[in-house]
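Asker: output the structure for:
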Amino acid sequence: MELDPVLLARIQFAFVVSFHILFPAFTIGLASYIAVLETLALWTKRDVYTRLSQFWTKIFAVSFAMGVVSGIVMAYQFGSNWSRFADTTAAVIGPLMGYEVLTAFFLEATFLGILLFGRQRVRPELHLLAAWMVALGTLTSAFWILSANSWMHTPAGYALQNGRFVVTEWWQAIFNPSFPYRFVHMVTAAYLTTAFVVIGVSAWYLRQRRFTDSARTALNMGLGLIALLAPLQLVFGDLHGLNTLEHQPAKIAAIEGHWETGRGLPLVLFALPDEAAERNRFALEIPKVGSLILTHQWDGEIRGLKAWLPQDRPPVVVVFFAFRLMVALGLLMILVGLVSLYLRLRRRLFDSEPFLRLCNACLPIGFLALLAGWFTTEVGRQPWTVYGLMRTADSTSPAIAGVHVLASLLVYIVVYTVIFGAGRLEAAKRPLSSPGTALDDEG
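Answerer: Residues are numbered from 1 along each chain as shown. Modelled structure (predicted):
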């Protein structure tokens with residue numbers, strides 16, 4: 001059987017980037033959380049904020065290192081599997097990646113050492129500055145990475161010369177049409193992801209009746225952020241969706257599961273998209289709500305997938321279900337925030353065992369929503385690497401062999417399984433409440 005090198009290269013990149021994206025997203029939120037803790041520690045003089053900062057700074061350091069290592073592996077694939085894409089877009093993507101290294105990575109590397117080892121060696125004000133500079137570095141990194149990725153979705157400020165993209169207007173290239181919406185949406189997702197990790201860990205401590213002072217403080221802060229950001233993320237997502245409808249209507253058609261162009265289209269809650277028959281099976285729909293959400297009009301017109309040739313449509317099944325998973329998890333986040341507000345009013349925020357169990361169970365949902373959203377965005381861009389201009393099939397390395405891509409993919413799977421599996425076993429040997437932890441405030 002002949003192996004499709006393009007499909008295997010896509011699967012390999014998806015596998016590697018799915019692991020990589022978890023670490024930058026987590027560290028973006030965690031760096032800002034640590035900076036806030038350091039600020040509160042210096043302002044209030046309460047030891048609980050210092051203990052929390054020390055505890056989460058150790059986790060940040062490990063996550064930051066894993067993000068760097070997994071990022072190097074991801075970059076390797078551009079040369080091995082996607083050299084034609086790298087060559088064609090080098091004048092655009094290359095400088096944007098270079099700016100990320102020069103501004104964000106150097107900033108983080110400079111101040112991370114002070115944050116990790118300078119608490120007893122520098123003035124508290126300098127240590128606080130280091131925390132905020134690391135947080136700024138993570139946000140700056142997200143800025144440049146998302147600018148480059150957004151340019152691939154909504155290219156702007158460019159010209160094609162001799163088959164290669166060159167920048168004609170850097171401002172337009174950097175702040176391309178989808179970038180502001182995607183940046184806000186992604187950073188908010190990173191903060192929510194971190195908040196759910198914090199409340200999950202804190203709820204575990206409270207259920208164990210261990211380190212309750214620190215756990216109450218962290219849980220209170222995390223749930224407060226979720227109650228604020230989860231509903232806002234719904235608004236940001238809607239704005240992002242409207243921008244996508246304007247610039248990538250085929251993606252929206254796949255997300256919504258609409259095959260026919262029409263007015264007053266329904267909201268498809270669930271269906272089994274049949275791409276061969278160009279229809280949905282077992283559809284559960286709400287009349288006219290699809291048009292209302294996308295056009296803000298009951299009878300607004302929406303283009304269906306049949307408006308594009310089959311070879312120009314994104315894979316419908318993956319995009320359709322990934323988007324619904326993301327939305328379902330987002331609604332769960334809002335529910336957790338609302339329940340926390342209710343319990344806060346009842347003064348039972350830290351005493352409700354069912355709610356603490358819910359917080360435990362919700363620890364990974366930020367990561368799952370992040371991956372679902374990423375798959376929606378990136379798979380929905382297919383069959384293009386640079387939307388409307390460069391096809392994925394024309395972006396792979398010349399004469400690349402499917403067997404070689406498959407072999408490297410299997411190596412990645414084995415290595416990642418060993419590394420992450422070993423880390424999981426080591427974590428199991430050292431439970432969160434082990435002696436000497438930075439949360440050890442009640443003994």
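Asker: mean confidence for the strand or helix carrying S202?
Answerer: S202 belongs to helix 179-207 when assigned by DSSP states H and E. The average pLDDT for helix 179-207 rounds to 93.
Asker: helices or strands next to that helix in the packing?
Answerer: Here helix 179-207 touches helix 5-44, helix 124-153, helix 212-247, helix 353-361, helix 365-380, going by 3 or more Cβ pairs under 8 Å, 6 or more residues apart in numbering; DSSP states H and E. Placement of C-beta: from N, CA and C, glycine included.
Asker: could you dump those to JSON lines with distance to V167?
Answerer: Listed next are these as JSON lines, based on distance: least, Cβ to Cβ, whole Å:
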{"stretch": "helix 5-44", "distance to V167": "24"}
{"stretch": "helix 124-153", "distance to V167": "10"}
{"stretch": "helix 212-247", "distance to V167": "19"}
{"stretch": "helix 353-361", "distance to V167": "47"}
{"stretch": "helix 365-380", "distance to V167": "23"}
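Asker: so for V418, which of these sits nearest?
Answerer: Comparing these against V418 with Cβ to Cβ, the closest turns out to be helix 5-44 (13.0 Å).
Asker: the spatially most central residue of the chain and I302, how far apart?
Answerer: Nearest to the geometric centre of the chain sits L370, at 4.1 Å (Cα atoms, centre = their mean). Separation of L370 from I302 (Cβ to Cβ, to the nearest Å) stands at 27 Å.
Asker: one more: F26?
Answerer: Counting by Cβ to Cβ - F26 and I302 are separated by 36 Å.
Asker: cool, I145 as well?
Answerer: 31 Å.
Asker: between those two, which one's more packed in?
Answerer: Set I145 next to I302 and count neighbours by other Cβ atoms under 10 Å: I302 wins out with 22 against 19.
Asker: test my guess that the more buried one contacts L292.
Answerer: No. Assessed by Cβ atoms under 8 Å, I302 is found out of contact with L292, at 10.6 Å.
Asker: tell me where the stretch 51-200 of the chain is predicted with low confidence.
Answerer: For the stretch 51-200 of the chain, no stretch has pLDDT under 70.
Asker: try 80
Answerer: Within the stretch 51-200 of the chain, the stretches with pLDDT under 80 are 69-79.
Asker: in stretch 290-306, what's buried?
Answerer: Within stretch 290-306, the residues that qualify as buried are 290-295, 300, 302-305, counting by 16 or more other Cβ atoms under 10 Å.
Asker: which two among the residues you listed are spaced furthest apart?
Answerer: Applying Cβ to Cβ across these, the maximum distance is between L292 and L305, 19.9 Å.
Asker: counting neighbours, what do you get for Q77?
Answerer: Counted with other Cβ under 10 Å, the neighbours of Q77 add up to 20.
Asker: so what's it up against?
Answerer: Going by Cβ atoms under 8 Å, 6 or more residues apart in numbering, Q77 touches 9, 12-13, 16.
Asker: over to I59?
Answerer: L30.
Asker: tell me if I am right that it is in a helix.
Answerer: Yes. Assessed by DSSP: H, G, I helix; E, B strand; the rest coil, I59 belongs to a helix.
Asker: what are the contacting residues of stretch 139-151?
Answerer: In contact with stretch 139-151 (Cβ under 8 Å, 6+ apart) are residues 24, 28, 32, 92-93, 96-97, 99-100, 103-105, 107-108, 173-176, 178-179, 182-183, 186-187, 190, 386.
Asker: element containing the closest residue to L358 other than its chain neighbours, please.
Answerer: Nearest non-adjacent residue to L358, counting by Cβ to Cβ, 6 or more residues apart in numbering: V336, 6.7 Å away. Per DSSP H and E, V336 falls inside helix 316-345.
Asker: cool, and F165?
Answerer: F165 belongs to strand 164-167, assigned by DSSP H and E.
Asker: give the buried residues for that strand.
Answerer: Those would be 165, 167, for strand 164-167 by 16+ other Cβ under 10 Å.
Asker: how far does it sit from the chain's center?
Answerer: 28 Å (Cα atoms, centre = their mean, to the nearest Å).
Asker: do the same with stretch 98-113
Answerer: Worked out by Cα atoms, centre = their mean, stretch 98-113 lies 20 Å from the chain centre.
Asker: and the residue nearest to L358, how far is that from C359?
Answerer: Distance from V336 to C359, by Cβ to Cβ: 7 Å.
Asker: neighbour count winner among the two?
Answerer: A direct count of neighbours by other Cβ under 10 Å for V336 and C359 places C359 higher, at 27 against 23.
Asker: now do the contacts for the more buried one.
Answerer: C359 neighbours (Cβ under 8 Å, 6+ apart): 199-200, 202-203, 219, 336.
Asker: which of the three states applies to A277?
Answerer: A277 ends up coil, using three-state DSSP.
Asker: buried set for stretch 67-74?
Answerer: 67-68, 70-71.
Asker: same check, this time on stretch 385-396
Answerer: Buried, per 16+ other Cβ under 10 Å, within stretch 385-396: 385-387, 390, 392, 395-396.
Asker: strands - which of those residues land there?
Answerer: Applying DSSP state E to those, the entries found in strands are 385-386, 390.
Asker: from the buried residues of stretch 290-306, which single one is nearest V166?
Answerer: Closest approach between the buried residues of stretch 290-306 and V166, by Cβ to Cβ: R303, at 31.7 Å.
Asker: for that closest one, what are phi and psi?
Answerer: Note on R303: backbone dihedrals following degrees, to the nearest 10 are phi -80, psi 140.
Asker: which residues does E246 contact?
Answerer: Contacts for E246 (Cβ under 8 Å, 6+ apart) come out as P177.
Asker: likewise F196?
Answerer: 222, 226, 333, 362-366.
Asker: L269 falls within a helix, correct?
Answerer: No. Secondary structure of L269 (three-state DSSP): strand, not part of a helix.
Asker: output the contacting helices and strands for the strand holding F165.
Answerer: Going by 3+ Cβ pairs under 8 Å, 6+ apart, strand 164-167 lies up against helix 83-88, helix 90-99, strand 158-161.
Asker: quick one: strands adjacent to that strand?
Answerer: Applying DSSP bridges, strand 164-167 is found paired with strand 158-161 (antiparallel).
Asker: next, the buried residues of the partner strand.
Answerer: By neighbour count on 16+ other Cβ under 10 Å, the buried set for strand 158-161 is Y158.
Asker: pull the residues that contact it.
Answerer: Applying Cβ under 8 Å, 6+ apart, the contact partners of strand 158-161 are 92, 165-168, 173, 389.
Asker: let's see that with 10 Å instead.
Answerer: The contact list for strand 158-161, computed with Cβ atoms under 10 Å, 6 or more residues apart in numbering, reads 88-89, 91-92, 151, 164-169, 172-173, 176, 386, 389-390.
Asker: thank you kindly, that will do.
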